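Asker: what follows is a protein structure lacking sequence information:
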DNA sequence: CAAACTCCCTGTTAGC
DNA sequence: TGCTAACAGGGAGTTT
């Protein structure tokens, strides 16, 4: 399941083949993949638009597009009538993006195919059809309610402390809440909590100052490391990175710190992996 | 406000 | 061997 590091990796890989390319045509094989506007309108609007940049916000890929440079308009004129559009793609569970020659036979679960002006295609393939694509004038229309980027310079420990204190409830579901923090999914929530030695069922208001600070550093460390490793290979072909989870998917295998078997429980309806020894339910014993 | 639950989907896997 | 049912999970929306 692609999370922040996997999406970041994909964005970096797509820049070289896609930036500067103009979209000549769009074929939609599964209409519900297109969230907005309506599929016909979506395909019509994109034609003739050139990709200027590709970035990431939370787990969304954000493509900035402007109309193909036209020599028939003076630049001032063009500026006045040139609407920048943003194409946002969320891979959800099984979405994949690839750039291939258009002669390549269509894959089974290709949902939307963008014809580029160099004979290649950007293909969105998605087994489970959970993935969505938007075309909007302002990316905030889609990502407006999402919390801060954990790797932003502006996202400091005081900011995180304040954020945690503004909420009550169980820590793991909170980490998964995109309105709280952007881009953390099931894998990296478990990984960060293991690193911080915090039990996933702990309540936020029971965390010590030190634990909150450690969690802050753990989240950033885990995400940075995973980006360096180009993501986690979940075995579903979404991305084939080298990040090796310490707890996620390691049920019954020994903890890398204390060799106790990793446990799998359900927290907030999500499969959750943790070390019962390193991450005690009670938290750190009071010093006295 | 928090948290549980439902829905969207299909490939994989456990159970019979 | 072959079938069915349960399961996985991000996130929006709904209900408790």
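Answerer: Perfect, thanks for sending it. These numbers come from a predicted model, not from an experiment.
Asker: for the residue in the stretch 51-200 of chain A positioned nearest to DNA strand B, grab the count of nearby residues.
Answerer: Per C-beta to the nearest atom of the strand, residue A:169 is where the stretch 51-200 of chain A lies closest to DNA strand B, at 2.3 Å. C-beta here means a position set from N, CA and C on the backbone, and glycine is covered the same way. Residues lying near residue A:169 (other C-beta atoms under 10 Å) number 13.
Asker: distance of it relative to DNA strand C?
Answerer: 13 Å (C-beta to the nearest atom of the strand, to the nearest Å).
Asker: just to check, that residue is in contact with residue A:202?
Answerer: No - with contact defined as C-beta atoms under 8 Å, residue A:169 does not count as touching residue A:202 (10.3 Å).
Asker: apart from its chain neighbours, what residue comes closest to the residue of the stretch 51-200 of chain A closest to DNA strand B?
Answerer: residue A:204 (6.1 Å; C-beta to C-beta, 6 or more residues apart in numbering).
Asker: helices or strands up against the helix or strand hosting residue A:51?
Answerer: Using DSSP states H and E, the element containing residue A:51 is strand A:49-57. With contacts taken as 3 or more C-beta pairs under 8 Å, 6 or more residues apart in numbering; DSSP states H and E, strand A:49-57 sits against helix A:4-18, strand A:23-28, strand A:60-67.
Asker: still on that earlier bit, show me what contacts the residue nearest to residue A:169?
Answerer: Going by C-beta atoms under 8 Å, 6 or more residues apart in numbering, residue A:204 touches A:164-165, A:167-171, A:174.
Asker: quick check on these: which are buried?
Answerer: A:164, A:171, A:174 (16 or more other C-beta atoms under 10 Å).
Asker: what do residue A:169 and residue A:202 both touch?
Answerer: With C-beta under 8 Å, 6+ apart, residue A:169 and residue A:202 have no common neighbours.
Asker: okay, the residue lying closest to residue A:117 once chain neighbours are set aside: pLDDT?
Answerer: Leaving out its chain neighbours, the residue that sits closest to residue A:117 by C-beta to C-beta, 6+ apart is residue A:22, at 4.3 Å. pLDDT for residue A:22: 97.
Asker: what residue in the stretch 51-200 of chain A comes nearest to DNA strand C?
Answerer: For the stretch 51-200 of chain A, C-beta to the nearest atom of the strand, closest residue to DNA strand C: residue A:186, 3.5 Å.
Asker: point out where the stretch 151-288 of chain A drops to low pLDDT.
Answerer: Applying pLDDT under 70 to the stretch 151-288 of chain A flags residues A:235-238, A:285-288.
Asker: off-centre distance for the lengthiest helix in chain A?
Answerer: With secondary structure taken from DSSP state H, chain A has its longest helix at helix A:209-228. Relative to the mean C-alpha coordinate of its chain, helix A:209-228 is positioned 17 Å out (C-alpha atoms, centre = their mean, to the nearest Å).
Asker: quick one: is it near DNA strand C?
Answerer: No - if you take C-beta under 7 Å from any atom of the strand as the test, helix A:209-228 misses DNA strand C, and the best it gets is 13.7 Å.
Asker: how big is the angle separating that helix from helix A:4-18?
Answerer: Using axes from the mean of the first three to the mean of the last three C-alpha atoms, to 10 degrees, one finds that helix A:209-228 and helix A:4-18 are set 30 degrees apart in direction.
Asker: enumerate the residues of the stretch 51-200 of chain A near DNA strand B.
Answerer: A:93, A:108-109, A:127-130, A:167-170, A:173-174.
Asker: now do 6 Å
Answerer: For the stretch 51-200 of chain A, the residues in contact with DNA strand B (C-beta under 6 Å from any atom of the strand) are A:127-130, A:167-170, A:173.
Asker: before we move on, back to that, does the residue of the stretch 51-200 of chain A closest to DNA strand C touch residue A:273 like I think?
Answerer: No - contact criterion C-beta under 8 Å: residue A:186 and residue A:273 do not qualify, at 9.1 Å.
Asker: having no further points to raise, I will conclude here.
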